[in-house]
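# Please find the sequence and the predicted model below.
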Amino acid sequence: MKAAVFYGAKDFRIENIEDPKIEPEDILIKVKAAGICGSDLHSYKEGIFSRRGFVMGHEIAGEVVEVGTKVKGIKVGDRVSPMTYGMFDISGACGKCFWCTRGQPQWCSSVGHKACGECGPCKSGEWWLCESNQRHMLMGYSRNGGYAEFAYVPYAKLGFNVFKIPDNLSYAEASFLDPVTGAYKWVNQGEPKSWETGVVTGLGTIGLAVMQVLKLYVSKVIVSDVSEKRLKLAKELGADVVINAAKEDPLKKVMELTGTGRSFSGKGGGCADIVMECSGVPFVLQQAVEMVRTGGRIVLVGLFEHDVSLNMNHIIHKQISLISSFSPGKQPGNVDIREALELMAEGKVKVKPMISHEFPLDQTMEGFEIQTKADESVKVIIKP
Ligand SMILES: [Zn+2]
Ligand SMILES: [Zn+2]
Ligand SMILES: [Zn+2]
């Protein structure tokens, strides 16, 4: 099959690679749409996160073309979106180790699968290539993903790691299931209340999805970005106040809108209840610490390409909770996915307006290049 193979920063090569073969527990999908994720962009720009030689793409939707004999409830022709982390299963946890006794069985070494430790790849330190491990690696990072004609879903289980696409959503729209699920989970980690004001910094797909979900819970949502295009879209999608950080000081504006907080430093600061940090820009996180009220929450959604220096005393004095978007959600992952899909199907989170470009597989590099240009693109979809 044809695939865009990742070789490092700004280096995708369209190659013919072997078709994925499925086991009795798997399904094979003809990929119809694969969205470029912000995390994919880090790989594209810096060569980090994804592993060389693999096909990236984890935000995918497609048509089922082959179903393993042990799979239930999924048939050839079904329109589906696979989701890796809905499958997370801690039933194998030992109950006795360091992590299990601390109530964090997700890190127990008996959970999930292990590399064999004896094969060639294992001995050379490339454990993710180990045959007993490869099927369990994360799709689009250390296992082939969606920038290809076909993708397989190991251990396909309907409602856990495979979701049927509602009729009113196109494949391209359904490929947003991953970012919208993230947005739903992260907003809930911030424990929003109906009387609160939230700020979303950074309006990529994630920021725009986070903004729409947050708006369902709080009374006012303020957003900031430097892209006029994205700010305009945020406004159309329901943001109450948009701040162009290139033209005005977001901190000053947030203070105007939310009031000046208790001052521990002589400088005050804002009174936002929650800041959803979606930009991954060090300076913006520093501002978030000043924007948020005493006792407020900052959910760290964006990943950073560079180190951040923070005024730790402000964080301590203001009793700010910094919440990692990687920490477990309030409910099982597959429940988040189902609820996110419902929000999309009901139009409560609108994803279609975010699609700015579509490219065929051959032009994956062009797609990534335009995705790096925040003022020209929002979401780029690759259509193999
Ligand atoms: Zn993603
Ligand atoms: Zn354990
Ligand atoms: Zn091995």
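Arrived safely. Ligands and ions are numbered 1, 2, ... in the order given.
# Near ligand 1, which residues of the chain are found?
For the chain, the residues in contact with ligand 1 (Cβ under 5 Å from the ion) are 37, 178. Yep, even glycine has a C-beta here, placed from its N, CA and C like the rest.
# tell me the domain ranges of the chain?
2-88+140-176+351-383, 180-324 (automatic domain parsing).
# Spit out the contact partners of Ala4.
Applying Cβ atoms under 8 Å, 6 or more residues apart in numbering to Ala4 gives the contacts 12-14, 55-56, 147-148, 361, 364-365, 382.
# List phi and psi for it.
When read as degrees, to the nearest 10, the backbone of Ala4 gives phi -100, psi 100.
# do Val380 as well
According to degrees, to the nearest 10, the main-chain angles of Val380 amount to phi -100, psi 130.
# other SSEs contacting the strand or helix carrying Val64?
If you go by DSSP states H and E, Val64 is part of strand 59-67. Here strand 59-67 touches strand 27-35, strand 79-82, strand 150-153, helix 171-174, helix 177-189, going by 3 or more Cβ pairs under 8 Å, 6 or more residues apart in numbering; DSSP states H and E.
# The same query, at a cut-off of 6 Å, please.
With contacts taken as 3 or more Cβ pairs under 6 Å, 6 or more residues apart in numbering; DSSP states H and E, strand 59-67 sits against strand 27-35, strand 79-82.
# How about the contacts made by the residue sitting nearest the centre point of the chain?
Nearest to the mean C-alpha position of the chain, counting by Cα atoms, centre = their mean, stands Pro179 at 4.4 Å. Pro179 is in contact with 205-206, 209, counting by Cβ atoms under 6 Å, 6 or more residues apart in numbering.
# quick one: Asp307 from Arg143, how far?
According to Cβ to Cβ, to the nearest Å, Asp307 and Arg143 sit 29 Å apart.
# Quick one: mark the members of the contacts of Ala4 that sit in strands.
Those of the contacts of Ala4 mapping onto strands are 12-14, 55, 382, per DSSP state E.
# and which of these is nearest ligand 3?
Using Cβ to the ion, Val55 comes nearest to ligand 3 of the ones in strands among the contacts of Ala4, at 21.2 Å.
# I'd say Thr205 and Lys379 touch.
Yes. Using Cβ atoms under 6 Å, Thr205 is in contact with Lys379, at 4.8 Å.
# So the two - more neighbours on which side?
Comparing Thr205 with Lys379 by other Cβ atoms under 10 Å, the one with more neighbours is Thr205, at 29 against 25.
# Near Thr258, how many other residues are there?
If we define neighbours as other Cβ under 10 Å, then Thr258 has 22 of them.
# So it versus Cys271, what's the distance?
Taking Cβ to Cβ as the measure, Thr258 falls 4 Å from Cys271.
# Kindly report the same for Lys70.
With Cβ to Cβ as the criterion, Lys70 and Cys271 are 55 Å apart.
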